[in-house]
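Q: What would the 3D arrangement of this be:
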Amino acid sequence: MRYLPHTDQDRADMLRVIGVETIDELFRDVPADKLLKEAVDLPRHKSEMEVARLMRRLAAKNRAAGDGPFFLGAGAYHHHVPASVDHIIQRSEYLTSYTPYQPEISQGTLQTLFEFQTQVAELTGTEVANASMYDGSTATAEAVLMACRVTKRSKAVLSGGLHPQYREVVETLANMEDDECISLPPDPKGGEDLLAEISEDVACVVVQSPSFYGQLIDLKPLAVRCREKGVLLISVFTEVVSLGLIEPPGAQGADIVVGEGQSIGNALSFGGPYVGLFATKQKYIRQMPGRLCGETRDREGKRGYVLTLNTREQHIRRDKATSNICTNSGLCALAFTAHMTLLGGDGLRKLALRNHERACRLADALGAISGVEVVNESFFNEFSIRVPGDAAALVEKLADAGIVAGLPVSRLEPDCGLDDLIVVAATETATDDDIAAYASALAAAL
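A: Alright, predicted model coming up:
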């Protein structure tokens, strides 16, 4: 089957129409020393069937999360996604729809986004949520920029329990706006004194719970102090399933709640795409980034859905836009909504309980090994362990034995004296055999 449709004559005709003689002339603005002198070392002129075989062989070199014991988390989690979710998002009316600019022909897409917003608002205990962001890290950075706009201050305090990659994204975007970030040292035990960092010149405090190290953080004392000082409290999560058990951040007093929604409806996919969740109080709605779908009535009184607020720079607001992120993760948001609808409230609670139970069993198994210390006093489905020696080398050794043992903290926090820490996650996909295999291999490796 031929799948490269242009013949030599086709290409010659196109070059003639645009007024050049060779394809090389199209690249004349590229410095000559930057151009490749030889063709890229790739197979030439393969048929569609041969290409498919080649790609399958390359893909077989990967090790997917479901191929063996898997305990890696740190912002991306291995959960079971029902097959019906994939079926729904591949329906043509969803898969081929980019963005609902014309409400009269986009009612289905708009309704699913409206349902998504409702689910996120209920999960986070807030009054309003947007139609999603790119991912949890960019949602966090946008929340900091929003807090600076609302308070008209330019300093953000970032907890030592914030995911290191989230922190870096926040610092990057804040630097572009000339805002100041005070990043506290890594906090594996959850003992930092954030109350002492809150003052009248601070725009916001950013706290992750469960933290990067798995610690659960009580937001209520922080919320009280923040209100006293006119500071906004931004609550971050990387594991949205935790909201099935933990008191919602909005109910604890958070002003803005952001995080990663990948765990519901979206597979790991070797790193994305994922879906950022963003929710806040009604009074801040016009400072919220992204887009907002609303429910209305048409001239005949029939229910309909529209884009109520568009705060994007490519629309009429232009330079007054509250966000420089030009789109939302529509298909991933749909997958989230489909899975969340299948679960319902009771299903989410049962899933969360299962996750916590698996993590408790894993913590007991690892903590019983001589030389291994479970650092956390509290956790949901993720916690930190301290091991003798170099944690990164130990994780590599266990990987050679077919066990993905977690994330060595030194990979994301080098030169911080945490070379002996591993962040470990256990979801509902971790079986008793997986846990036993991890514990046995770890004991043998020490």
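
Q: now what about stretch 170-190, what contacts it?
A: By C-beta atoms under 8 Å, 6 or more residues apart in numbering, the surrounding residues in contact with stretch 170-190 are 137-138, 140-142, 144-145, 148, 154-162, 164, 167, 192, 194, 197, 203, 206, 211, 213, 215-217, 375-378, 384, 409, 413, 416, 418, 421. C-betas here are computed from N, CA, C, even on glycine.

Q: Report the buried residues of it.
A: Residues of stretch 170-190 classed as buried by neighbour count (16 or more other C-beta atoms under 10 Å): 170-171, 173-174, 179-181, 183-184, 186-188, 190.

Q: Among these, which ones are in helices?
A: Among the buried residues of stretch 170-190, the ones falling in helices (DSSP state H) are 170, 171, 173, 174.

Q: can you give me the mean pLDDT across whatever helix or strand residue 157 lives in?
A: Element membership of residue 157 [criterion: DSSP states H and E] is strand 155-158. Across strand 155-158, the average pLDDT comes to 98.

Q: residues of stretch 149-160 that come out buried?
A: Applying 16+ other C-beta under 10 Å to stretch 149-160 flags 149, 150, 151, 153, 154, 155, 156, 157, 158, 159, 160 as buried.

Q: What residues does residue 166 make contact with?
A: With C-beta under 8 Å, 6+ apart, residue 166 has these contacts: 75, 136, 137, 140, 141, 208, 236, 238.

Q: still on that earlier bit, buried subset of the contacts of stretch 170-190?
A: 137-138, 140-142, 144-145, 148, 154-162, 164, 167, 192, 194, 197, 203, 206, 211, 213, 215-217, 375-376, 384, 409, 413, 418, 421.

Q: Next, count neighbours for residue 230.
A: Residues near residue 230, counting by other C-beta atoms under 10 Å, number 16.

Q: In contact with the closest residue in space to residue 343 that isn't next to it in sequence, which residues?
A: The shortest distance from residue 343 to any residue other than its chain neighbours is 6.4 Å, reached at residue 351 (C-beta to C-beta, 6 or more residues apart in numbering). Applying C-beta under 8 Å, 6+ apart to residue 351 gives the contacts 241, 244, 343, 428.

Q: could you measure the first one against residue 102, distance?
A: When you say that, I think you mean residue 241. Residue 241 is 35 Å from residue 102, where distance means C-beta to C-beta, to the nearest Å.

Q: Mind checking which of those two has more residues around it?
A: residue 241 (25 against 7).

Q: what's the burial count for the spatially closest residue to the more buried one that is not a sequence neighbour?
A: Among residues not flanking residue 241 along the chain, residue 263 sits closest, at 4.9 Å (C-beta to C-beta, 6+ apart). Residues lying near residue 263 (other C-beta under 10 Å) number 29.

Q: Just want the phi and psi numbers for residue 263.
A: phi -60, psi -20 (degrees, to the nearest 10).

Q: Give the full set of residues in contact with it.
A: 77, 79, 239, 240, 241, 427.

Q: how far does the longest helix seen in the chain sit from the chain's center?
A: Taking DSSP H as the criterion, the chain has its longest helix at helix 330-367. Mean-position distance between helix 330-367 and its chain equals 16 Å (C-alpha atoms, centre = their mean, to the nearest Å).

Q: who does the helix or strand just after that helix touch, helix- and strand-wise?
A: Going down the chain from helix 330-367, the next helix or strand is strand 373-374, by DSSP H and E. Strand 373-374 is packed against helix 330-367, strand 382-386, with contacts defined by 3 or more C-beta pairs under 8 Å, 6 or more residues apart in numbering; DSSP states H and E.

Q: which of the residues in the longest one are buried?
A: Residues of helix 330-367 classed as buried under the neighbour-count rule (16+ other C-beta under 10 Å) are 330-341, 343, 348, 351-352, 354-356, 358-359, 361-363, 365-366.

Q: Residue 199 reaches residue 230, doesn't it?
A: No: Residue 199 is beyond contact range of residue 230, at 9.9 Å (criterion: C-beta atoms under 8 Å).

Q: who's in contact with the least confident helix or strand in the chain by mean pLDDT?
A: Every helix and strand of the chain was ranked by mean pLDDT, DSSP states H and E. The lowest is helix 92-95, at a mean of 79. Outside helix 92-95, the residues that touch it by C-beta under 8 Å, 6+ apart are 88, 89, 108, 109, 112, 331, 334.

Q: do that again at 6 Å, thanks
A: 108, 334 (C-beta atoms under 6 Å, 6 or more residues apart in numbering).

Q: Could you tell me which residues within it count as buried?
A: For helix 92-95, by 16+ other C-beta under 10 Å, it's residue 94.

Q: Please name the strands paired to the strand holding residue 157 in the sheet, noting orientation.
A: Taking DSSP bridges as the criterion, strand 155-158 sits next to strand 180-183 (parallel), strand 204-208 (parallel) in its sheet.

Q: Using TSV, lay out these together with distance to residue 34 and mean pLDDT.
A: As requested, these are exported to TSV (distance: least, C-beta to C-beta, whole Å; pLDDT from 0 to 100):
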stretch	distance to residue 34	mean pLDDT
strand 180-183	36	97
strand 204-208	41	98
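
Q: for the ones you listed, which one sits closest to residue 432?
A: For the strands paired with strand 155-158, proximity to residue 432 was assessed by C-beta to C-beta; strand 204-208 is nearest, at 29.9 Å.

Q: Show me what whichever helix or strand comes after the closest one packs onto, helices and strands only.
A: Following strand 204-208 in sequence order, the next helix or strand is helix 220-229 (DSSP H and E). Packing contacts for helix 220-229, counted by 3 or more C-beta pairs under 6 Å, 6 or more residues apart in numbering; DSSP states H and E, involve strand 232-237.

Q: Determine how far the next helix or strand after the strand it packs on lies from the middle of the whole chain.
A: Proceeding N to C from strand 232-237, the next assigned helix or strand is strand 256-260, under DSSP H and E. Mean C-alpha position of strand 256-260 versus that of the full chain (C-alpha atoms, centre = their mean) differs by 10 Å.

Q: Repeat that for stretch 423-438.
A: 22 Å.

Q: Determine how far the last residue of it lies from the first.
A: The first and final residues of stretch 423-438 sit 14 Å from each other (C-alpha to C-alpha, to the nearest Å).

Q: In that stretch, which residues are buried?
A: Within stretch 423-438, judged by 16+ other C-beta under 10 Å, the buried ones are 423, 424, 425, 426, 427, 428, 429, 430, 434, 435, 437, 438.

Q: before we move on, back to that, tell me the one among the buried residues of stretch 149-160 nearest to residue 295.
A: residue 150 (25.9 Å).

Q: what's the closest one sitting at in phi/psi?
A: phi -70, psi -50.
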